[in-house]
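> Sharing a model that was predicted from the sequence below.
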Amino acid sequence: MERGDIVGAFGGGVIGDLAGFAAAVLRRGVRFVQIPTTLLAQVDSSVGGKTGINSPAGKNLIGAFHQPSLVLADTSLLDTLTPRDFLAGYGEVVKYGLLGDAVFFDWLEAAGPKAAAGDMDARVRAVERSCQMKAEIVVRDETEQGDRALLNLGHTFCHALEAATGYSDRLLHGEGVAIGCALAFELSARLGLCSQEDPSRVRAHLREMGMKVDIKDIPGELPDAAALLDLMGQDKKVLDGQLRFILARGIGQAFVTSDVPKDTVLAVLDDALRA
Ligand SMILES: NC(=O)c1ccc[n+]([C@@H]2O[C@H](COP(=O)([O-])OP(=O)(O)OC[C@H]3O[C@@H](n4cnc5c(N)ncnc54)[C@H](O)[C@@H]3O)[C@@H](O)[C@H]2O)c1
Ligand SMILES: [Zn+2]
């Protein structure tokens with residue numbers, strides 16, 4: 001590779017993160033192009049310039065911000081995905097509606113099942129709106145000093161669940177995001193931030209899509225609530241030892257806060273594990 005060469009990342013999020021990181025460190029950074037082939041990669045990982053690899057010490061601890069020169073998302077590539085991989089990517093699509101666009105979430109409630117069944121117009125619109133939302137947020141805050149953290153809605157819970165399942169195929173990343181979003185809305189409702197109808201509506205949509213919705217949908221044993229809370233403390237979104245959460249005042253109205261009583265989080269996890 002020479003300084004002027006271009007790395008092409010053709011594949012899902014794993015390939016995109018790996019090839020992007022390689023491009024970031026090769027000769028102190030060569031240009032790269034993302035050609036994402038999974039729904040998750042088309043709506044999320046290929047956009048925004050986060051690249052990285054996991055290490056034994058934790059997920060995404062080694063990486064670089066390195067923007068692709070071009071992202072080329074061809075939605076016809078999605079036809080060959082397994083339904084499970086498609087729905088995992090859909091977890092990130094729902095996240096965008098939940099964090100900042102209630103109208104998009106309304107549309108997903110109607111069009112999500114069509115998109116899953118293969119409707120190309122619905123798929124194009126879902127990918128397009130997701131990329132727009134991610135790009136808008138990343139432009140405001142590329143290196144996550146503030147607003148970019150909104151994109152982590154559901155992810156503090158998700159990362160704990162991924163760690164608890166050993167990053168195995170018991171739980172795909174996007175499945176953990178969906179469960180995490182449902183838990184974030186449950187937590188928001190318990191704290192009196194949003195109405196109790198909101199978490200019910202989130203869960204009803206995920207259920208209708210045939211997705212994992214609750215912690216109990218994850219096969220196999222899981223650690224108890226206190227151990228899961230510990231795993232949440234390992235999350236990279238911890239700032240000065242304080243857990244940061246993305247909560248919501250309603251569908252489409254997420255915000256970042258460190259002001260969350262641990263007892264309430266424990267209670268939400270405990271109820272979810274018992275359910
Ligand atoms: N950089 C970021 O901002 C960011 C954001 C979200 C997720 N991620 C990372 O992305 C990864 C998950 O990405 P993913 O869900 O794309 O998983 P993945 O890359 O593992 O792909 C999922 C599966 O689909 C297969 N596949 C890919 N394209 C296909 C196609 N067109 N048809 C049939 N099969 C196909 C792959 O071989 C793989 O088995 C995680 O490691 C996550 O941490 C990164
Ligand atoms: Zn994610």
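Perfect, I can see it now. Ligands and ions are numbered 1, 2, ... in the order given.

> what's downstream of the helix or strand containing Val256, the next helix or strand?
Per DSSP states H and E, Val256 falls inside strand 254-257. Using DSSP H and E, the helix or strand that follows strand 254-257 in sequence is helix 262-274.

> Return the distance of the top strand by length along the chain from the chain's centre.
Determined from DSSP state E, the single longest strand within the chain is strand 58-65. Offset of strand 58-65 from its chain centre (C-alpha atoms, centre = their mean, to the nearest Å): 15 Å.

> near ligand 1, anything from the helix or strand just after that strand?
Scanning forward in sequence from strand 58-65 by DSSP H and E, the next helix or strand is strand 70-71. No - shown here: strand 70-71 not in contact with ligand 1 (C-beta under 6 Å from any ligand atom), separated by at least 11.8 Å. From N, CA and C alone the C-beta is placed, and that goes for glycine too.

> Sheet-wise, list the partners of strand 70-71 with their directions.
strand 31-36 (parallel) (DSSP bridges).

> Give me the contacts around the strand holding Val256.
Identification of contacts with strand 254-257 by C-beta atoms under 8 Å, 6 or more residues apart in numbering yields 98-100, 146-147, 149-150, 153, 244-249.

> residues of it that come out buried?
Applying a neighbour-count criterion of 16 or more other C-beta atoms under 10 Å, one finds Ala254, Phe255, Val256 buried in strand 254-257.

> now those residues in CSV, with pLDDT and distance to Gly176?
Listed next are those as CSV, based on pLDDT from 0 to 100; distance: C-beta to C-beta, whole Å:
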residue, pLDDT, distance to Gly176
Ala254, 97, 17
Phe255, 96, 21
Val256, 94, 19
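
> Just give me the closest of the residues you listed to Thr80.
Proximity of the buried residues of strand 254-257 to Thr80 (C-beta to C-beta) peaks at Ala254, which lies at 32.8 Å.

> Nearest spatial neighbour of the closest one, chain-adjacent residues omitted?
The spatially closest residue to Ala254, leaving aside those adjacent along the chain, is Leu99, at 4.0 Å (C-beta to C-beta, 6 or more residues apart in numbering).

> Near ligand 1, which residues of the protein are found?
11-15, 17, 37-38, 40-41, 44-45, 48, 50, 77, 80-81, 85, 88, 173-174.

> Is there a quick PyMOL command that grabs whichever of the contacts of strand 254-257 are buried?
The command below creates a PyMOL selection of those among those that count as buried (16+ other C-beta under 10 Å):
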select buried, resi 98+99+100+147+149+150+153+244+245+246+247+248
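
> Count the neighbours of Met1 for me.
Met1: 11 surrounding residues under other C-beta atoms under 10 Å.

> what's the neighbour count on the nearest residue to Asp270 once chain neighbours are set aside?
Spatial nearest neighbour of Asp270, chain neighbours left out: Ala225 (4.2 Å); criterion: C-beta to C-beta, 6+ apart. As a burial measure, Ala225 scores 19 neighbours (other C-beta under 10 Å).

> In contact with Ala225, which residues?
Counted by C-beta under 8 Å, 6+ apart, Ala225 has contacts Leu266, Leu269, Asp270, Leu273.

> Give me the distance between the second one and Met232.
Distance check for Leu269 against Met232: by C-beta to C-beta, to the nearest Å, it reads 9 Å.

> And the helices in the stretch 101-250 of the chain?
Counting by DSSP state H, counting those that start in this stretch, the stretch 101-250 of the chain has helices at residues 102-117, 120-140, 155-164, 173-190, 197-208, 225-233.

> Need the ones you listed in CSV (columns: mean pLDDT).
Compiled in CSV, these are given as follows (pLDDT from 0 to 100):
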stretch, mean pLDDT
helix 102-117, 98
helix 120-140, 96
helix 155-164, 94
helix 173-190, 98
helix 197-208, 98
helix 225-233, 92
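
> So for Pro68, which of those sits nearest?
Shortest distance between Pro68 and the helices of the stretch 101-250 of the chain, using C-beta to C-beta, is found for helix 120-140: 11.8 Å.
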